[in-house]
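Colleague: Just the structure for this:
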Amino acid sequence: MNTFGRILKLHTWGESHGERIGGVLDGFPAGIDIDLSAVQAFCDRRKPGQSDISTPRKEQDIINISSGVYEGKTTGMPIAFHFDNANKKSSDYDHLKDVYRPGHADQTYDAKYGHRDHRGGGRSSARETANWVAAGALARHITPEIKATAWVEQVGDVVMPDVDETPKFEAIEANALRCPHEETANKMRTLIEVVRAEGDSLGGVIRCRIEGVPASLGEPIFDKLHARLGQAMLSINAVKGFAYGAGFAAAAMRGSQHNDVFDDRGKMVKNNSGGVIGGISNGQVIDFRVAFKPVASVAVEQMMANKEGGASKKRVTGRHDPCVVPRAVPIVEAMSYLVLADFYLLSNT
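Modeller: Below is the predicted model of the structure:
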């Protein structure tokens, strides 16, 4: 399944080491002004090689829009776009052609399709998410009143203090970690540098708060807003967990503690529900966390199975992020915009 969405549909194509990757965004309303510089700036936040703690692979990731936008406005036709893969080093993966890397989709892709592109994981690579960021950057033009803000809350066992207010964009972007708490960001950087020197990797947690969401978005019973947000986030490479509102902490609460009670003016004074009740937005801030596993590509020697059924010790070479979480921040935001724009269009059909 290479298509996401019901009204606003994103269909993507391409592989990590192919000539290019791209997508088609269909169902986009006509007559909407598109700020291409803002779209490019959004894409720049995801691109590889942007800091000294990300992959050294450098791609300019200049978005090329070939249809659906004319004279700065959408035409109502499918918006087609692509990115060129200009900095490929496919030879880095030659020694892995017939083996299955631990933690990667090599073995499952072979089992399902009987054939796979081993160069950087082919289509299972996070390179694909450049398409999602582009689509989300376009989709947010449909609902400009909605603002998704994501930041790095945790790397490894280093966690920033909890916050009740959404951090400013400038504070998030002030460092390569995209953590708005400077002291914590410095600790995260130190940990990443130590682990990278050991040839290993780290995971982490991204928190996202979405403001300006009107009440009533969501389609019960089987297309609840939080369920689609969960699907979107769990579709991101390396994501292993999604929790909204109080999340797993709710299991230890009593009902009187968890309920989002009202004040004497009829306003909710808590947000344990994370902005969604009964699968429908309630006008509160949508608040969720996304957990990422450690990057699977590590330089540590590990046992790897081969197609013939044997196994041998190998290490993964190539260019990889020691921790993917900072570059995943715009991906989380982009997928949020896609989901909410789709539900907005659904509510207005």
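Colleague: Ends of stretch 86-102, what's the gap?
Modeller: Distance across stretch 86-102, first residue to last, is 27 Å (CA to CA, to the nearest Å).
Colleague: can you give me the mean pLDDT across that stretch?
Modeller: For stretch 86-102, the per-residue pLDDT values average out at 75.
Colleague: now do stretch 252-264
Modeller: Computed over stretch 252-264, the mean pLDDT rounds to 96.
Colleague: Could you give me the buried positions within that stretch?
Modeller: Taking 16 or more other CB atoms under 10 Å as the neighbour-count basis, stretch 252-264 is seen to contain the buried residues His258, Asp260. All C-beta spots, glycine's among them, are computed from the backbone N, C-alpha and C.
Colleague: That stretch: end-to-end distance?
Modeller: End-to-end span of stretch 252-264 (CA to CA): 28 Å.
Colleague: next one: it to chain centre, how far?
Modeller: Stretch 252-264 has its C-alpha centroid displaced from the chain centroid by 31 Å (CA atoms, centre = their mean, to the nearest Å).
Colleague: can you check stretch 312-331 too?
Modeller: On the basis of CA atoms, centre = their mean, stretch 312-331 sits 14 Å off its chain's mean C-alpha point.
Colleague: Show me the shaky parts of the chain.
Modeller: When residues are selected by pLDDT under 70, those of the chain lie in 57, 87-92, 318-319.
Colleague: ranges for the helices of it?
Modeller: Using DSSP state H, the helices assigned to the chain run over residues 36-44, 106-113, 129-139, 169-172, 182-197, 225-234, 255-258, 325-347.
Colleague: what packs against the last one?
Modeller: Packing contacts for helix 325-347, counted by 3 or more CB pairs under 8 Å, 6 or more residues apart in numbering; DSSP states H and E, involve helix 36-44, helix 129-139, strand 147-155, strand 204-211, helix 225-234, strand 286-292.
Colleague: closest to Tyr70 out of the ones you listed?
Modeller: When the helices and strands packed on helix 325-347 are compared by CB to CB, helix 36-44 sits nearest Tyr70, at 12.2 Å.
Colleague: Taking their axis directions, the closest one and helix 325-347 sit at what angle?
Modeller: 130 degrees (axes from the mean of the first three to the mean of the last three CA atoms, to 10 degrees).
Colleague: what's in contact with helix 36-44?
Modeller: Applying CB atoms under 8 Å, 6 or more residues apart in numbering, the contact partners of helix 36-44 are 50, 61-63, 65, 69, 72, 83, 130, 133-134, 136-138, 330, 334.
Colleague: that older thread, columns distance to Tyr93 and mean neighbour count on top of the helices and strands packed on helix 325-347, output as a markdown table?
Modeller: Putting the helices and strands packed on helix 325-347 into a markdown table (distance: least, CB to CB, whole Å; neighbours: other CB atoms under 10 Å) gives the following:
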| stretch | distance to Tyr93 | mean neighbour count |
| --- | --- | --- |
| helix 36-44 | 25 | 16 |
| helix 129-139 | 19 | 28 |
| strand 147-155 | 27 | 24 |
| strand 204-211 | 26 | 22 |
| helix 225-234 | 26 | 22 |
| strand 286-292 | 23 | 24 |
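Colleague: Specify the stretch among the ones you listed that is closest to Glu183.
Modeller: Proximity of these to Glu183 was assessed by CB to CB; the nearest stretch is strand 147-155, lying at 13.3 Å.
Colleague: Put the alpha carbons of the closest one into CSV.
Modeller: Once non-C-alpha atoms are left out, strand 147-155 reads as follows in CSV (Å, rounded to 0.1, in the frame of the first residue of the first chain):
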residue,chain,number,x,y,z
LYS,A,147,-0.2,24.5,13.7
ALA,A,148,1.7,21.3,14.5
THR,A,149,4.8,21.8,16.7
ALA,A,150,7.1,18.8,17.4
TRP,A,151,10.3,18.6,19.3
VAL,A,152,12.8,16.0,20.7
GLU,A,153,11.8,15.2,24.3
GLN,A,154,14.1,12.2,24.8
VAL,A,155,17.3,10.7,23.4
